[in-house]
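Chemist: The sequence and its predicted three-dimensional model are supplied below.
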Amino acid sequence: MKLSLAPIPWFWERARVFDFYASIAATPIDIVYLGETVCSKRRELRPEDWLQIAAALSEAGKEAVLSTLTLIEAESELATLKRIVENGRYLVEANDMAAVEMLSERELPFVIGPQVNVYNGETLALLARLGARRWVVPTEISRAQLAALPDRRFLQMQTEVQIYGDLALAYSARCYTARAHNLQKDACAFVCREYPDGLPLATMEDEPFLVLNGIQTRSAAVCDLLADWDDFGALQIEVGRIVPRSTGTARIIDLAHQVAVGRLDAAAAARELAAQRAAPHCNGHWHGAAGMEQVG
Amino acid sequence: MHGVCSPASAVRWEETAAGRQSRVGGMLIDRYQDGQPAAYPTICKGRYRVGDHVYYAIEEPTSLNVIEILPELVRGGVAALKVEGRQRGPAYVARVTKVLRAALDACCADPARFTPRQEWLDELNSMAEGRCHTLGAYHRPWQ
């Protein structure tokens, strides 16, 4: 089983992004998804910068994939999308159906991103005919639902599941980080740059609940499926995805890699992760419960 | 399917010394003082703490109401109006539909002189979340 790194969901400064991927190049990660998937106003990196990072990671033996914006609202965003689709070298992760359309028109293979609504075999088969070669399973799909889907190998499609990281829950046309600062979205002053792991939101009883990340809402709890690793083979999961955070990402990759190559058993890795937990963890969706719950 | 927002089975109401509280999946969504109208708890319209502030961090509990721009919508080619009825009763749907039908008939009869009547607004506001309405995304030019 391979390991992948999701696109950075947060708005990090340019230098931080370059440093981050320089450190990632030295980890045993197999696949790295790159690009801005949340807000098109975030332009610390130009498209050429992303291509430069992709080239460096390829040089280091990683598979680089370019990810597209999730919520497309403007012509300028379509132009950026077209540029990504026509990059000529790297596989593209389509995060909405506009991207799927552009890729299939050009008969290019693609990855179905986790925000594309795929919940049944018919949709998967349709996307396979359109050129999908890998499917990143939506995080709310349970183990039982995945097991009930048809064999993806007949579709020549790999299955990728997020195994570690907070959950992307919702996207909106509005910006909640700007709202928290009493700013209009149109004049947001890029305040999300102040929160390298998002802006935490708690209930009035101070229970950590959500994380505001611009127009995106994420879970406060970190989804951790490492303890379920031994089950992945039977479910035809070929890639395990990890979501970047400002600290500790390389350590998570290292632990997951040790499990993947059989140097560490899944239970021991899960115990080690539990010992370093800063945020609450969850695995509810996977086990058919409320997403924020920790089962077992 | 999992991931559905605020399913009724996960909603809980409780009367406490601090006020009437609504919860979804155990999480406190909002708290109401005596006499304050309480809304069905949806995650996006809860009151939360971000930094030192407690506020409606995602959305205000207010209803979209396009009645004042009906002539523009008709001119723009809108053929039908959709009334949000999820998590509402049949009585709500009946009253809202009646007001919107009257407004739409008045608008189509004489679009140039159409203005929303106060009793329509009062009737809709009395049923709206937070007892008030908004034009939402229509109040500013789209990007």
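Modeler: Thanks, I have it.
Chemist: can we go C-alpha only for contacts and neighbour counts from here?
Modeler: OK.
Chemist: Determine whether any part of the lengthiest strand in chain A lies close to chain B.
Modeler: Taking DSSP state E as the criterion, chain A has its longest strand at strand A:158-171. No - figure legend: strand A:158-171 not in contact with chain B (Cα under 8 Å from any Cα of the partner chain); closest approach 8.5 Å.
Chemist: who's in contact with the residue nearest the centre of chain B?
Modeler: Taking Cα atoms, centre = their mean, the centroid of chain B lies closest to B:Ser63, which sits 2.5 Å from it. B:Ser63 makes contacts with B:Ala128, B:Glu129, B:Gly130, B:Cys132, B:His133, B:Thr134, as judged by Cα atoms under 8 Å, 6 or more residues apart in numbering or on different chains.
Chemist: ok, back up a step: for the helix or strand following the longest strand of chain A, packing partners?
Modeler: Following strand A:158-171 in sequence order, the next helix or strand is helix A:176-180 (DSSP states H and E). Applying 3 or more Cα pairs under 8 Å, 6 or more residues apart in numbering or on different chains; DSSP states H and E, we find helix A:176-180 packed against strand A:208-213.
Chemist: between the strand it packs on and strand A:158-171, how big is the angle?
Modeler: 90 degrees (axes from the mean of the first three to the mean of the last three Cα atoms, to 10 degrees).
Chemist: near chain B, which residues of chain A?
Modeler: So far as Cα under 8 Å from any Cα goes, chain A lies against chain B at A:73-74, A:140-142, A:176, A:179-180, A:199-207, A:209, A:285, A:288-291.
Chemist: Now intersect these with the helices, please.
Modeler: A:Tyr176, A:Arg179, A:Ala180 (DSSP state H).
Chemist: could I get those as TSV with pLDDT and neighbour count?
Modeler: Compiled in TSV, these are given as follows (pLDDT from 0 to 100; neighbours: other Cα atoms under 10 Å in any protein chain shown):
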residue	pLDDT	neighbour count
A:Tyr176	95	25
A:Arg179	92	17
A:Ala180	94	19
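Chemist: quick revisit: any idea how far the residue nearest to the centre of chain B is from chain A?
Modeler: 16 Å (Cα to the nearest Cα, to the nearest Å).
Chemist: and that residue, what are its phi and psi?
Modeler: B:Ser63 adopts backbone torsions of phi -100, psi 140, taken as degrees, to the nearest 10.
Chemist: What does the pLDDT read for it?
Modeler: pLDDT for B:Ser63: 83.
Chemist: With adjacent residues omitted, what lies nearest to it?
Modeler: B:His133 (4.7 Å; Cα to Cα, 6 or more residues apart in numbering or on different chains).
Chemist: does the one you found really touch B:Asn125, like I thought?
Modeler: Yes - taking contacts as Cα atoms under 8 Å, B:His133 lies within contact range of B:Asn125: 6.6 Å.
Chemist: Give the helix, strand or coil label for the closest residue in space to B:Glu68 that isn't next to it in sequence.
Modeler: With Cα to Cα, 6+ apart as the criterion, B:Glu68 has its nearest non-adjacent residue at 5.9 Å, and that residue is B:Pro116. Classification of B:Pro116 using DSSP: H, G, I helix; E, B strand; the rest coil returns coil.
Chemist: what's the answer for the one 5 residues further on, then?
Modeler: Following three-state DSSP, B:Leu121 is assigned to helix.
Chemist: burial count for it?
Modeler: Look at B:Leu121: counted by other Cα atoms under 10 Å in any protein chain shown, it has 16 neighbours.
Chemist: Tell me the confidence at it?
Modeler: Reading off the model, B:Leu121 has pLDDT 92.
Chemist: Tell me which stretches of chain B form helices.
Modeler: B:70-75, B:90-109, B:118-127.
Chemist: most tightly surrounded among these?
Modeler: Among the helices of chain B, ranked by average contacts under mean count of other Cα atoms under 10 Å in any protein chain shown, first place goes to helix B:70-75 (a mean of 16).
Chemist: So which other helices or strands are in contact with it?
Modeler: helix B:90-109.
Chemist: Can you show me the CA trace of the helix it packs on as CSV?
Modeler: The C-alpha coordinates for helix B:90-109 follow below in CSV (Å, rounded to 0.1, in the frame of the first residue of the first chain):
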residue,chain,number,x,y,z
PRO,B,90,-47.2,22.0,6.3
ALA,B,91,-48.7,25.0,8.0
TYR,B,92,-45.5,27.0,7.4
VAL,B,93,-45.4,26.0,3.7
ALA,B,94,-49.1,27.0,3.3
ARG,B,95,-48.6,30.4,4.8
VAL,B,96,-45.4,31.2,3.0
THR,B,97,-46.8,30.0,-0.3
LYS,B,98,-49.9,32.1,0.1
VAL,B,99,-47.9,35.3,0.6
LEU,B,100,-45.5,34.6,-2.2
ARG,B,101,-48.4,33.7,-4.6
ALA,B,102,-50.0,37.1,-3.8
ALA,B,103,-46.7,38.9,-4.2
LEU,B,104,-45.9,37.2,-7.5
ASP,B,105,-49.4,37.9,-8.9
ALA,B,106,-49.1,41.6,-7.9
CYS,B,107,-45.6,41.7,-9.5
CYS,B,108,-46.7,40.1,-12.8
ALA,B,109,-49.8,42.4,-13.0
